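Trainee: sequence unknown, structure follows:
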């Protein structure tokens, strides 16, 4: 099999584009997208202000590396462009502008994460190793006031603080990190963890919650597990290279 455009001539962000396009494709395959809504972004400058973003109206399942827009978080003119969704510009622009550690930002309204975000108590107790993965890593935004425009978007950057997961009450989930592989791995496992929790809650029976010390130990074991997220994402790209190689175009 020939892999197309592995080294895109003249594009210094070729690998970043392909990785982000792969994340879009797999999010659609897993049914974690919503229509043409939701947005992923990836900083490509040292200060994080220059970033890649999906264009308004392009479906996750058809995203290609060349579709991704390169925009400047400090240029307000981007908020008036027809090819940039308003909420994408507001939320991701604010995050990249104000939170240098948020290199990659994946935001979805996936089924189980959104169900969790819709509960009055949207905490995630550690009831298995997947829920324990996020022990102490989740910030909850409880100030939903519309669709993430203006002040709403600016507030989210403060609410996230030093956490890597922002559960947006009445909205969805936003996950940040250093690389596409690591953040996508977190996104995948957060949805799995939310599914387990919602399923367990639906039984009406008491949850078996592990001790904080065990949850913390498990969380750090996940973080320290050698190359797990990179290998997971590489395996997903291998499948795309065979079945949907145009994601690299």
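Mentor: Yep, it's here. Note that the structure is a prediction, hence the values are computed from the model and not measured.

Trainee: spatially central residue in this protein, please.
Mentor: Taking Cα atoms, centre = their mean, the centroid of the chain lies closest to residue 106, which sits 2.0 Å from it.

Trainee: hmm, it is touching residue 175, no?
Mentor: Yes - counting by Cβ atoms under 8 Å, residue 175 is a contact partner of residue 106 at 5.1 Å. Just so you know, the C-beta spots here come from the backbone N, C-alpha and C atoms, and that holds for glycine as well.

Trainee: overlap of the contact sets of those two?
Mentor: 183, 187 (Cβ atoms under 8 Å, 6 or more residues apart in numbering).

Trainee: what sits up against stretch 197-210?
Mentor: Taking Cβ under 8 Å, 6+ apart as the rule, stretch 197-210 contacts 112, 115-116, 124-127, 131-132, 218.

Trainee: save those as a markdown table, and put in secondary structure and neighbour count too.
Mentor: Listed next are the contacts of stretch 197-210 as a markdown table, based on DSSP: H, G, I helix; E, B strand; the rest coil; neighbours: other Cβ atoms under 10 Å:
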| residue | secondary structure | neighbour count |
| --- | --- | --- |
| 112 | helix | 19 |
| 115 | helix | 16 |
| 116 | helix | 27 |
| 124 | coil | 23 |
| 125 | coil | 16 |
| 126 | coil | 25 |
| 127 | coil | 18 |
| 131 | helix | 25 |
| 132 | helix | 24 |
| 218 | helix | 19 |
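
Trainee: closest to residue 102 out of these?
Mentor: Closest to residue 102 out of the contacts of stretch 197-210 is residue 124 (20.4 Å), distances taken as Cβ to Cβ.

Trainee: what about residue 41, which SS state?
Mentor: strand (DSSP: H, G, I helix; E, B strand; the rest coil).

Trainee: sketch out the low-pLDDT regions of this protein for me.
Mentor: Scanning the chain for pLDDT under 70 picks out the ranges 1-10, 147-150.

Trainee: can you pull out the strands in it?
Mentor: 39-43, 50-53, 69-72, 104-108, 138-141, 165-168, 172-177 (DSSP state E).

Trainee: how much space between residue 13 and residue 30?
Mentor: Applying Cβ to Cβ, to the nearest Å, the value for residue 13 to residue 30 is 25 Å.

Trainee: neighbour-wise, which of the two wins?
Mentor: Set residue 13 next to residue 30 and count neighbours by other Cβ atoms under 10 Å: residue 13 wins out with 19 against 15.
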